[in-house]
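>>> The sequence and its predicted three-dimensional model are supplied below.
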Amino acid sequence: MASEQPEIVEKRTSSAIPHWSSGDGDVTSIVDGDGVTVYDEDGNGYLDFQSQLYCVNAGHSNERIVEAIADQLARIPYVSSGKHNDTRSALAQRLLEIGPDSMARTVFSISGSEANETAVMLAREYTGAPKVLTRWRSYHGATYGTASLTGDTATHTAIEGHAATTGNAKFLPPIPAAFDGATGEELAEKAADHLEFVIRNEGPESIAALLTEIVAGSSGGFTAPPGYYERVRELCDEYDILLIADEVITGFGRCGEWFGVDTEGIEPDLMTFAKGLTSSYVPLAGVMANEEIAAHFEEEGFDVGQTFAGHPVGCAAGLAAIDVYEDGLIENVRAVEPRLEAGLRAIEDRFDVVSSVHGRGLLWGVEFADPETGEPFVDPRISDADNPVKDVLEHAAERGVLFGLGRPGIQLLVSPPLCVDADEIDEAVAALESAVESAF
């Protein structure tokens with residue numbers, strides 16, 4: 001359990017520049033972790049309800065994964081990505097066993113951003129078409145290539161200010177705010193009709209792929225209405241567009257099944273993965289491809305690569321992590337999800353500033369808005385004013401629980417490791433409830 005009411009003493013203790021820093025504050029230093037709890041350099045414990053970056057799915061310091069890493073290091077720590085390796089080949093096969101039936105081969109990468117870039121490269125080469133469709137309020141990475149695919153304004157604006165990329169078009173996400181408050185079947189129909197309009201407007205022959213998170217990740221944990229993804233799959237088939245599922249956050253049990261696509265019953269043409277594959281103990285990512293795409297590149301060759309793609313140490317961690325997930329953690333997600341949802345919805349019912357709670361499995365968004373206007377108290381996309389959502393996060397941290405700030409920052413994310421138990425959920429929900437009361 002996290003220590004009660006830790007006194008947060010933030011210090012500049014590192015010469016490293018932290019990512020996503022605003023430059024106007026100190027950063028907490030995390031030095032230890034076990035299960036769902038992490039500890040700072042002063043010994044304060046925090047329930048990690050953001051899994052650091054929605055990625056430590058197996059919890060911190062899982063012995064089975066650590067031992068697998070050590071064993072691989074002792075045997076052979078590195079093998080060129082241009083050669084085969086027994087651990088790498090074993091993981092590639094294991095991924096196909098747990099992945100959707102449509103998947104036939106695996107191409108390894110290093111990070112989620114690079115996996116998404118690889119998937120787009122494969123799609124463009126395979127189809128000969130230049131464009132990729134992604135939705136507004138999405139996140140697919142922060143490299144030059146993936147920032148242009150990302151629909152998060154702060155990310156792509158910051159990067160494209162210096163090096164814009166081409167061949168990308170955006171469509172609206174299937175959320176009520178984008179379609180006059182529609183919900184359910186009406187929302188699914190309106191969102192899919194809009195997508196078809198975008199496809200026709202861009203020119204179907206110019207579109208290589210549609211890249212989408214099945215359940216939104218850091219953009220808020222929102223799910224699509226029933227029937228939406230069936231229609232998306234139909235549109236991709238009708239217009240000869242490849243469907244790429246971005247499973248960087250939703251993969252490996254986060255949503256209660258092996259992958260987010262499993263919760264919707266759809267088969268992608270390409271699927272990217274990262275983060276939870278190794279519980280993020282070692283960087284590892286990749287792309288799974290269907291038989292037709294795989295056969296094309298096996299015949300034509302694959303002329304690019306990355307030095308650390310499919311690193312044997314990462315592959316060993318991945319094999320061990322899959323065993324851990326299979327040995328009860330995914331079942332635990334399904335078991336504790338109702339408790340987490342009930343706690344978050346109780347907060348939604350109590351506070352009129354909480355405008356929406358949405359998610360699946362152990363990936364949830366809590367959105368805030370002014371009850372009188374229905375608009376965000378502060379929208380960081382258009383304002384530099386103090387954001388009360390950040391105040392909620394700070395108050396929660398003071399109570400010993402870490403949550404994430406969503407994209408955009410009108411919401412927070414609740415995403416604990418898959419090993420979380422009922423008592424830890426209750427403690428985190430109580431801290432969040434108290435934090436919302438303090439902030440508002």
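Nice, thanks for sending it over. Numbering: from 1, shown residues only.
>>> quick one: the helices in the stretch 251-400 of the chain?
Using DSSP state H, counting those that start in this stretch, the helices of the stretch 251-400 of the chain run over residues 260-264, 291-300, 312-324, 330-350, 388-398.
>>> can you give me the offset of the third one from its chain's centre?
Going back to what we said before, that points to helix 312-324. Relative to the mean C-alpha coordinate of its chain, helix 312-324 is positioned 19 Å out (Cα atoms, centre = their mean, to the nearest Å).
>>> Could you do stretch 135-153 as well?
Distance of stretch 135-153 from the chain centroid (Cα atoms, centre = their mean) equals 12 Å.
>>> Now do the buried residues in it.
When burial is assessed from 16 or more other Cβ atoms under 10 Å, stretch 135-153 yields the following buried residues: 135, 137-143, 145-152. To be clear about C-beta, it is placed using only N, CA and C from the backbone, and glycine gets the same treatment.
>>> Report the lowest-confidence entry in these.
Minimum pLDDT for the buried residues of stretch 135-153 is recorded at Gly151 (62).
>>> Next, the contact list for Cys55, please.
Counting by Cβ atoms under 8 Å, 6 or more residues apart in numbering, Cys55 makes contact with 249, 274-276, 279-280.
>>> now the end-to-end length of stretch 287-296.
15 Å (Cα to Cα, to the nearest Å).
>>> can you tell me the average pLDDT over that stretch?
Across stretch 287-296, pLDDT averages out at 96.
>>> returning to that earlier point: so which of the helices of the stretch 251-400 of the chain comes closest to Cys419?
Ranking the helices of the stretch 251-400 of the chain by proximity to Cys419 (Cβ to Cβ) places helix 330-350 first, at 6.7 Å.
>>> Now do the closest one: distance to the chain's middle.
Taking the mean of its C-alpha atoms, helix 330-350 sits 19 Å from the chain's own mean (Cα atoms, centre = their mean).
>>> Flag every buried residue along it.
Neighbour counts over helix 330-350 (16+ other Cβ under 10 Å) mark 330, 332-333, 336-337, 340-341, 343-344, 347-348 as buried.
>>> Tell me the one among these nearest to Pro176.
When those are ranked by distance to Pro176 (Cβ to Cβ), Glu348 comes first, at 14.8 Å.
>>> dump the residue contacts of His311.
The contact partners of His311, taken as Cβ under 8 Å, 6+ apart, are 78, 110, 282-284.
>>> ok, 7 Å please
78, 282, 284 (Cβ atoms under 7 Å, 6 or more residues apart in numbering).
>>> cool, and Pro417?
Counting by Cβ under 7 Å, 6+ apart, Pro417 makes contact with 36, 48, 51, 56-59.
>>> Then Pro173?
135-137.
>>> Pipe those into a markdown table and attach secondary structure and distance to Met121 per row.
Formatted as a markdown table, these follow (DSSP: H, G, I helix; E, B strand; the rest coil; distance: Cβ to Cβ, whole Å):
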| residue | secondary structure | distance to Met121 |
| --- | --- | --- |
| Arg135 | strand | 20 |
| Trp136 | coil | 23 |
| Arg137 | coil | 24 |
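>>> out of those residues, who's nearest Ala209?
Arg135 (13.0 Å).
>>> Extract the C-alpha set from stretch 380-387 and format it as PDB.
Output of stretch 380-387 as PDB, limited to C-alpha atoms (Å, rounded to 0.1, in the frame of the first residue of the first chain):
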ATOM      1  CA  PRO A 380      -4.800  23.800 -22.900                       C
ATOM      2  CA  ARG A 381      -5.100  23.700 -26.700                       C
ATOM      3  CA  ILE A 382      -6.200  27.400 -26.700                       C
ATOM      4  CA  SER A 383      -5.200  28.700 -23.200                       C
ATOM      5  CA  ASP A 384      -2.200  29.000 -21.000                       C
ATOM      6  CA  ALA A 385      -4.300  29.500 -17.800                       C
ATOM      7  CA  ASP A 386      -3.800  27.400 -14.700                       C
ATOM      8  CA  ASN A 387      -5.500  24.000 -15.400                       C
END
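>>> picking up where we left off before, the helices of the stretch 251-400 of the chain: which one's closest to Pro226?
helix 260-264 (9.1 Å).
>>> From the chain's centroid, how far away is the closest one?
The chain centroid and the centroid of helix 260-264 are separated by 14 Å under Cα atoms, centre = their mean.
>>> ok, of the contacts of His311, which one's closest to Trp258?
Nearest to Trp258, judged by Cβ to Cβ, of the contacts of His311 is Leu284 at 16.4 Å.
>>> which non-adjacent residue is nearest that closest one?
Leaving aside its chain neighbours, Leu284 sits nearest to Gly314 (3.3 Å; criterion: Cβ to Cβ, 6 or more residues apart in numbering).
>>> any idea how this protein splits into domains?
Structurally, the chain divides into domains by automatic domain parsing as follows: 30-61+328-439, 63-324.
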